[in-house]
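J.: here is my input, please return the structure:
(one chain, ligands or ions: 1)
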Amino acid sequence: MTETTCCEKCGELMEYYHESGSCGMLCPKCGWGWATTYFSPIKADKTVYTVTIPKTDRPQLNVIKCLAKLRQCNYLEAKSLLQSSDFVISGKAKEIIKYVRAFSEFGADFRTEPEFPYDIAEAE
Ligand SMILES: [Zn+2]
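T.: Reported below is the predicted structural model:
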């Protein structure tokens, strides 16, 4: 942050703080400050990410299960999806995080472009 704000009470330079769920400004001297609604960066992110699972003749069972769950299809459909071509899904961060999270949990061999910068365990 480049802008500076001074405390209205004592004139001390305010410090920006950021905790889970909220952020704001706080005076380090007298403690005066305010919180602002924290917008999750993942929700504000307009980047379109592409998640790819490369085509494979022998998809891992756990990946098939994972995909079947995400697509709400049966295992056979999920398996043929993985066998017929690369499985590709793209969307904004908030839309594809469930895929990134699930594929990570299931140990799928996948790649994300651009690299997914969020902590998938934390993000909503
Ligand atoms: Zn102050």
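J.: going forward, measure contacts between C-alpha atoms and count neighbours the same way
T.: Noted.
J.: show me the contacts for residue 35.
T.: Applying Cα atoms under 8 Å, 6 or more residues apart in numbering to residue 35 gives the contacts 22-25.
J.: my bad, residue 91
T.: Applying Cα under 8 Å, 6+ apart, the residues contacting residue 91 are 48-50.
J.: which one of the contacts of residue 35 has the most neighbours?
T.: Among these, the one with the most neighbours (other Cα atoms under 10 Å) is residue 25, at 20 neighbours.
J.: what about the closest residue to that residue other than its chain neighbours, distance to the ion?
T.: Nearest non-adjacent residue to residue 25, counting by Cα to Cα, 6 or more residues apart in numbering: residue 16, 4.5 Å away. Per Cα to the ion, to the nearest Å, residue 16 is found 13 Å from the ion.
J.: what about residue 16, how many residues close to it?
T.: 17.
J.: quick check: it is in a strand.
T.: Yes: assessed by DSSP: H, G, I helix; E, B strand; the rest coil, residue 16 belongs to a strand.
J.: which ones are touching it?
T.: Contacts of residue 16 (Cα under 8 Å, 6+ apart): 23-26.
J.: closest to residue 92 among those?
T.: residue 23 (23.5 Å; Cα to Cα).
J.: and residue 62, which helix or strand is it part of?
T.: Assessed by DSSP states H and E, residue 62 sits inside helix 61-71.
J.: quick one: stretch 98-110 to chain centroid distance?
T.: 12 Å (Cα atoms, centre = their mean, to the nearest Å).
J.: who does the lowest-mean-pLDDT helix or strand in the chain pair up with?
T.: In the chain, the helix or strand scored least confidently by mean pLDDT, DSSP states H and E is strand 33-37, which has a mean of 79. Paired strands of strand 33-37, with direction, are strand 22-26 (antiparallel) (DSSP bridges).
J.: now the helices for this structure?
T.: 41-44, 61-71, 75-84, 93-105 (DSSP state H).
J.: mind giving me CSV with these and columns for mean pLDDT?
T.: Shown next, in CSV, are the helices of the chain (pLDDT from 0 to 100):
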stretch, mean pLDDT
helix 41-44, 82
helix 61-71, 92
helix 75-84, 95
helix 93-105, 91
